[in-house]
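>>> here you go, sequence then predicted model.
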Amino acid sequence: PEMLGAMQTTGQLQALLRALRLSSLDDEVTATLCRGLVTIDLGLHRAVALLAELLLPKCLRLTRAPPRALLAAVLASAEAHPRAIMEAVLWPLMRRCADPTEEGGAQGDLVARVVKQCFPVSLQ
C-alpha cells in the first residue's frame, strides 16, 4: 500500500501498474491483492487505477461465468471501495454490454451479481 500511495501522480501509478502486468496474475493472487490493497484509505484515483489494471482486463475477457477467485476479488473490491469498482470495472463492463457489436453476456451477469450482492437496495 505504501508504494501505491507514494506515486506522485495517477499517471505514474498507471504506468507502474501497466508495467507490472497485473492482469496476467493468477486469480487467487488477484483476490489476495484486492483484499489487501483495495481499501477506502487508498483513495479513489489510486483505487480506480489499480482496479482498472488488475480486474478490468480479466473481466473483459470473460466468455462465461467468472472463476470463483475472480468473482471473490471483484466482490471484495466492491465491498471495500464501491465507487472505485463502479468507475474502474462496472461502468466499462456496462458500456461493453450496451454495444451491439460486442458479446457481453458474461460481463452483464457479473455486473448484475455485484450490484445485487454489494450495493444497497436503495441504489439498485
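Arrived safely, thanks for sending. Numbers count the residues shown, from 1 in each chain.
>>> let me know how buried residue 56 is, in neighbour terms.
Here the number of neighbours of residue 56 (other Cβ atoms under 10 Å) works out to 17. C-beta: built from backbone N, CA, C; applies to glycine.
>>> distance of it from residue 20?
Here the distance between residue 56 and residue 20 works out to 14 Å (Cβ to Cβ, to the nearest Å).
>>> likewise residue 120?
Taking Cβ to Cβ as the measure, residue 120 falls 34 Å from residue 20.
>>> settle it for me: which of these two has more neighbours?
Neighbours were tallied for residue 120 and for residue 20 using other Cβ under 10 Å; the higher tally belongs to residue 20 (12 against 7).
>>> contact partners for that one?
With contacts defined as Cβ atoms under 8 Å, 6 or more residues apart in numbering, the neighbours of residue 20 are residue 53.
>>> downstream neighbour of the helix or strand encompassing residue 69 in the secondary structure list?
Per DSSP states H and E: residue 69 is located in helix 68-80. Secondary structure here is assigned by DSSP H and E; on that basis, the next helix or strand after helix 68-80 toward the C-terminus is helix 82-85.
>>> give the buried residues for that following helix.
Residues of helix 82-85 classed as buried by neighbour count (16 or more other Cβ atoms under 10 Å): 82, 84, 85.
>>> of these, just say which sits nearest to residue 30.
Closest approach between those and residue 30, by Cβ to Cβ: residue 85, at 13.5 Å.
>>> list the contacts of the closest one.
In this structure, residue 85 makes contact with 51, 74, 77, 78, 114, 118, judged by Cβ under 8 Å, 6+ apart.
>>> if you set the cut-off to 10 Å instead, what comes out?
34, 38, 47-48, 51, 55, 74-79, 91, 114, 118-119 (Cβ atoms under 10 Å, 6 or more residues apart in numbering).
>>> any idea how far residue 103 is from it?
Relative to residue 103, residue 85 is positioned 22 Å away (criterion: Cβ to Cβ).
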